[in-house]
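Visitor: this is a predicted model, with the sequence first.
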Amino acid sequence: MGVVRENLDRVARRYRALPGPARVALVVLLVVLVYLLPLLRPPIITTNQIDFGGVMFAIAAFALVAVGLNVVIGYAGLLDLGYVGFYAVGAYTTGVLTSYHAHWAFFLALPVAIAVTMVTGVLLGWPTLRVRGDYLAIVTLGFGEIIRIAVTNVEWVGAARGIKDIPHPPNIGPDPEPPFGDGGLFTIPSLQWDGIVPSLDSGRETTFLVFGAVSAVPYYWLVLSFLILILFADRLIKDSRVGRAWEATREDEDAAEHMGVPTFKFKLLAFALGAAVGGLSGSLYASSQSGYINPQSFPLLLSILFVAAVIVGGAGNRWGAIIGGTLVAYLPERFREFADFRLLVFGLALMILPVYRSQGLLPPRRTIRARAAAEEIEHLEGRDEAPTEVV
Amino acid sequence: MNFSFLVNHIVELSITGLALGAIYALIALGYTMVYGVLQLINFAHSEVFMYGTFAVAWVFVFVHGTTSVNQTLGGTAGLLLLSLLAAMAMSAAIAMLLERVAYRPLLKRKAPRLMALISAIGASFALSELMGLRDRVVGWVGLRDDLDNYVSKARDVYTNPVTIQPQTVFTVGGYGVKDVDIMVIVASLLMMVALDQFVRRTRFGRGIRAVAQDPESAALMGVNATRVIRGTFILGGIMAGAAATLYMVKIGSTRQNAGFIFGVKAFTAAVLGGIGNLRGALLGGLVLGVAENYGAAIFGTQWKDVVAFVLLILILLVRPSGILGESLGKARA
């Protein structure tokens, strides 16, 4: 594992040594590559049994959720086990506004969904963020269940039947004309691979830019664009006074309070912002390829997987969250051959990981430094192990 | 809103609520003790309970085969005792395994507490899936046909062959109180008193309290923390095994994900009563069971779980440390 870390550091150093324009070019190239991934369909990582575009959509959506939850868990240190509740609120607000009770356009409903989720976050956080951290976990767990049971039983949001025919985001270019008109501006073929030799696969084309039922790739692009947007916002806020206040609160709430940080206000802010991102991803999920949501789309298990994604990746590091989200969404799909065993293997992986990477796969730089410093102090004091094993 | 139903059936709702709450309380003890000693939510405790329910079912199948039998509680008393022992052994073994595999390596490396939670979640997944795949597992060792009665339809509801017919013992307020409910309540109370006395009076119980108060000082006083932690897991497992037996008597069927909702409820009960507090777990379990039943009567059964969680949020707002406060360490000797 140390080897991985070293190599990552070396790559990072190389990257920083590059001149400015080269760095920009490299990042742009990487982003373009990520956008094109479901069309390139590189061998080995492509899932053959189910639609790769759909898997990429799920990965991007999971990564988006993980980045949002990372604000709550990683930055502010609040364990939220009911994040799926916010996801559901966002999805259902979109469903109700665009299909079930009104017929708003998607991009009109999206901000409303985000706002509603944010308000939900504040309403939940206001009473509960005052209680101790561990209780927050169980209270949020309860919140997730309450939302799921509520949408299962309340007729006004479709009860167990769910909401169908949620409209897709608007197309760019002419709408497709049934039965065979493609619409859109142009079509992009995918690649297919014979071993390592690529060729064009004209049977698998994606129309730019039609959000239809055929290809999941446009939805992937939409989520990915939002993810990049959120990453920029995340970076701005993490490096601001707010981000430092979160960090201080997480490390020692009393000390932070003494230093004049209104910890409750900042915790509430983290909760609300995290909820907003959850609502955003829920809204995107509702209007995705199938355009259908029902209560079974939001099981408590999903919350647990979200938390696992953040912590596996390394809580507090936005790239860690993305890696964690990617792994949690991707691995079970890639290994569908072992369909029956994938949850078992996933569980075992979650058990083994903390033993070898107790800070997650990609912990924040500052945590690594703090840990190294603590180890050095302990070494200087001549204590090699805490005295837990006597007698 | 159906208050007349609540008023008319208040005795029945209270007694069945108490019985359900007693099972919650027994499971809650496992959460609360581990939390008291390690400040750790043992997320996989629900699977410890679930394995216990299967141990009970297997004992019944072993004795009766798969033909379904109707029995009274008294008629199966010996069998119940046997399955109680089997369930306790099974749950304790699983709890011990958990401690060994999912927690001790982390404690040794001083991993952050959140990581221990992730490990517990992983263990919970793995254990539950392993039970769901038990037909494959025995297939690998070539015993699929011999053990068919025990592993068939691994992912479906697994029903106890012996159906226990509740008998009315006496009548209160127009409701015939059933022997099953009485047994569940009395048996869990006995288990809990035994555990409470064990923690208060024995040398090992003193060790548990010492580690819960201050692990470092306890170590300096010669308490073997590793052994205390393992013992805490085993005690919690034994209680979960008892809960599993009572659950199978009352409900009669289980499946590989049966532990989850009971686990969440039991943890809620532990927090409700004050986590780390043994008597709090009892009180929290009983309050939760009864409140849930009343709530289900008023709002309809589908809102049962919502009532439980709303109650939890309300209690935490008024009294953040639970009804009795948190104190595994402070129990007087």
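Guide: On my side now, so go ahead.
Visitor: which residue packs closest to the closest residue to chain A within the stretch 201-333 of chain B, ignoring adjacent ones?
Guide: At 3.1 Å from chain A, residue B:309 is the closest residue in the stretch 201-333 of chain B, using CB to the nearest CB. Any C-beta I mention is one placed from the backbone N, CA and C, and that applies to glycine too. With CB to CB, 6 or more residues apart in numbering or on different chains as the criterion, residue B:309 has its nearest non-adjacent residue at 3.1 Å, and that residue is residue A:142.
Visitor: for chain B, what is the nearest residue in the stretch 151-300 of chain A?
Guide: For the stretch 151-300 of chain A, CB to the nearest CB, closest residue to chain B: residue A:153, 4.9 Å.
Visitor: so that residue touches residue A:146, yeah?
Guide: No. At 10.9 Å, residue A:153 does not count as touching residue A:146 under the criterion of CB atoms under 8 Å.
Visitor: so those two - more neighbours on which side?
Guide: Each of residue A:153 and residue A:146 has its neighbours counted (other CB atoms under 10 Å in any protein chain shown); residue A:146 has more, 21 against 16.
Visitor: and that one, its phi and psi?
Guide: phi -60, psi -50 (degrees, to the nearest 10).
Visitor: helices or strands up against the helix or strand containing residue A:25?
Guide: Taking DSSP states H and E as the criterion, residue A:25 maps to helix A:20-40. Applying 3 or more CB pairs under 8 Å, 6 or more residues apart in numbering or on different chains; DSSP states H and E, one finds that helix A:20-40 makes contact with helix A:52-70, strand A:186-194, helix A:217-238.
Visitor: neighbouring strands - and their directions - for the next helix or strand after the shortest one?
Guide: Once the chain leaves strand A:186-194, the next helix or strand it forms, by DSSP H and E, is strand A:197-208. With DSSP bridges as the criterion, the sheet partners recorded for strand A:197-208 are strand A:186-194 (antiparallel).
Visitor: so what's the gap between the partner strand and the chain middle?
Guide: 28 Å (CA atoms, centre = their mean, to the nearest Å).
Visitor: who touches that strand?
Guide: Applying CB atoms under 8 Å, 6 or more residues apart in numbering or on different chains, the contact partners of strand A:186-194 are A:38-43, A:46, A:198-202, A:204-208.
Visitor: buried stuff in it?
Guide: Judged by neighbour count using 16 or more other CB atoms under 10 Å in any protein chain shown, the buried positions of strand A:186-194 are A:190-192.
Visitor: report the mean confidence score over the strand or helix carrying the residue nearest to residue B:309.
Guide: Here residue A:142 sits within helix A:133-153, counting by DSSP H and E. Confidence for helix A:133-153, expressed as mean pLDDT, is 83.
Visitor: can you tell me the SS state at residue B:171?
Guide: strand (DSSP: H, G, I helix; E, B strand; the rest coil).
Visitor: low-scoring stretches of chain B, by residue?
Guide: Low-confidence segments of chain B (pLDDT under 70): B:326-333.
Visitor: what segments of it are strands?
Guide: Ranges of strands within chain B are B:69-72, B:158-159, B:162-165, B:168-172, B:175-178, B:253-254, based on DSSP state E.
Visitor: quick one: closest of these to chain A.
Guide: strand B:158-159 (17.7 Å).
Visitor: neighbouring contacts of the closest one?
Guide: B:54, B:57, B:68, B:252-255.
Visitor: how about a cut-off of 7 Å?
Guide: B:57, B:252-255 (CB atoms under 7 Å, 6 or more residues apart in numbering or on different chains).
Visitor: let's have those residues in TSV, adding distance to residue A:329 and neighbour count.
Guide: Shown next, in TSV, are the contacts of strand B:158-159 (distance: CB to CB, whole Å; neighbours: other CB atoms under 10 Å in any protein chain shown):
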residue	distance to residue A:329	neighbour count
B:57	35	24
B:252	38	16
B:253	34	15
B:254	31	24
B:255	27	19
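Visitor: top helix in chain B by residue count?
Guide: helix B:10-38 (DSSP state H).
Visitor: does chain A sit close to that helix?
Guide: No. Against chain A, helix B:10-38 shows no contacts by CB under 7 Å from any CB of the partner chain, the least distance being 7.7 Å.
Visitor: give me the angle between that helix and strand B:168-172.
Guide: 110 degrees (axes from the mean of the first three to the mean of the last three CA atoms, to 10 degrees).
Visitor: run the chain-centre distance for helix B:10-38.
Guide: On CA atoms, centre = their mean, the centre of helix B:10-38 falls 7 Å from that of its chain.
Visitor: report all helices and strands that that helix contacts.
Guide: If you count contacts as 3 or more CB pairs under 7 Å, 6 or more residues apart in numbering or on different chains; DSSP states H and E, helix B:10-38 packs onto helix B:45-64, strand B:175-178, helix B:179-201, helix B:203-213, helix B:225-250, helix B:258-273, helix B:278-299.
Visitor: kindly reformat these as CSV containing distance to chain A.
Guide: Formatted as CSV, these follow (distance: least, CB to the nearest CB, whole Å):
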stretch, distance to chain A
helix B:45-64, 10
strand B:175-178, 28
helix B:179-201, 20
helix B:203-213, 10
helix B:225-250, 5
helix B:258-273, 5
helix B:278-299, 10
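Visitor: make TSV out of the ones you listed and add distance to residue B:27.
Guide: TSV is the format used below for the helices and strands packed on helix B:10-38 (distance: least, CB to CB, whole Å):
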stretch	distance to residue B:27
helix B:45-64	5
strand B:175-178	22
helix B:179-201	10
helix B:203-213	18
helix B:225-250	5
helix B:258-273	4
helix B:278-299	8
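Visitor: and of the ones you listed, who's closest to residue A:100?
Guide: Among these, helix B:278-299 comes nearest to residue A:100, with 23.6 Å by CB to CB.
Visitor: once you drop chain neighbours, what's closest to residue B:69?
Guide: Using CB to CB, 6+ apart, the nearest residue to residue B:69 is residue B:162, at 5.0 Å.
Visitor: residues touching the one you found, list them.
Guide: Residue B:162 touches B:60, B:64, B:69, B:71, B:76, counting by CB under 7 Å, 6+ apart.
Visitor: could you redo the last one with a cut-off of 6 Å?
Guide: B:60, B:64, B:69, B:71 (CB atoms under 6 Å, 6 or more residues apart in numbering or on different chains).
Visitor: state the pLDDT value of the residue nearest to residue A:108 when sequence neighbours are not counted.
Guide: The shortest distance from residue A:108 to any non-neighbouring residue, by CB to CB, 6+ apart, is to residue A:97 (7.8 Å). The model reports residue A:97 with a pLDDT of 89.
Visitor: what's the spacing between residue A:97 and residue A:107?
Guide: 11 Å (CB to CB, to the nearest Å).
Visitor: okay, the two: which has more neighbours?
Guide: Taking neighbours as other CB under 10 Å, residue A:97 and residue A:107 compare with residue A:97 leading, 23 against 10.
Visitor: check which residues of the lowest-mean-pLDDT helix or strand in chain A are buried.
Guide: Lowest mean confidence among the helices and strands of chain A (mean pLDDT, DSSP states H and E): strand A:197-208, at a mean of 72. Judged by neighbour count using 16+ other CB under 10 Å, the buried positions of strand A:197-208 are A:204-208.
Visitor: where does chain A dip in pLDDT?
Guide: Judged by pLDDT under 70, the stretches of chain A that qualify are A:1-5, A:47-49, A:132-134, A:173, A:177-184, A:202-204, A:336-339, A:358, A:382-391.
Visitor: okay then, goodbye and thanks.
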